[in-house]
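**Q** heads up, no residue letters with this:
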């Protein structure tokens with residue numbers, strides 16, 4: 001089963017034969033099994049090349065980029081992901097099915113709550129008394 005891969009440390013993401021290799025800023029290398037990855041979330045500065053993007057495209061892996069403050073910058077979608085409106089078709093499928101729509105709404109709310117909690121922890125770390133707002 002494929003899963004999401006999150007990268008929080010700065011470094012390079014490159015192709016090594018038919019796999020992905022992440023090299024962190026200290027030079028430590030880690031291979032990522034491309035066959036098991038559905039999408040990659042890059043939460044920091046990253047150096048990459050077109051050879052690696054070609055491999056991601058071949059396996060249909062999406063890459064989402066975020067800046068230092070965790071704001072969304074953009075995504076890399078392999079060409080096949082958007083052919084013939086398949087993305088729009090999937091969106092409509094989820095819109096029509098109320099159970100799927102409810103599941104997505106719940107995930108949005110959980111993510112929003114996690115972000116609020118993260119912000120509160122940030123302000124506690126800066127000496128602000130916001131502990132009364134945390135459950």
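**A** In hand now; what should we look at? Keep in mind that what you see is a predicted model, and the values were worked out from it rather than measured.

**Q** residue closest to the middle of the protein?
**A** residue 41 (2.4 Å; CA atoms, centre = their mean).

**Q** that one: what secondary structure?
**A** Using DSSP: H, G, I helix; E, B strand; the rest coil as the criterion, the local structure at residue 41 reads strand.

**Q** so it is in contact with residue 61, correct?
**A** No: applying CB atoms under 8 Å as the test, residue 41 and residue 61 come out as separate, 11.4 Å apart. Placement of C-beta: from N, CA and C, glycine included.

**Q** how far does the helix or strand where residue 92 lies sit from the chain's center?
**A** For residue 92, the host element (DSSP states H and E) is helix 86-96. On the basis of CA atoms, centre = their mean, to the nearest Å, the separation between the geometric centre of helix 86-96 and that of its chain is 20 Å.

**Q** tell me the spacing between residue 3 and residue 66.
**A** For residue 3, the distance to residue 66 (CB to CB, to the nearest Å) stands at 18 Å.

**Q** what about these two, which has more around it?
**A** Neighbour tally, residue 3 and residue 66, criterion other CB atoms under 10 Å: the higher count belongs to residue 66, 17 against 10.

**Q** beta partners for the more buried one?
**A** Under the criterion DSSP bridges, residue 66 forms beta bridges with residue 72.

**Q** quick check: phi and psi at the closest residue to residue 60 other than its chain neighbours.
**A** Take residue 60 and drop its neighbours on the chain: the residue closest to it by CB to CB, 6 or more residues apart in numbering is residue 78, 5.3 Å away. Main-chain dihedrals, residue 78, degrees, to the nearest 10: phi -60, psi 150.
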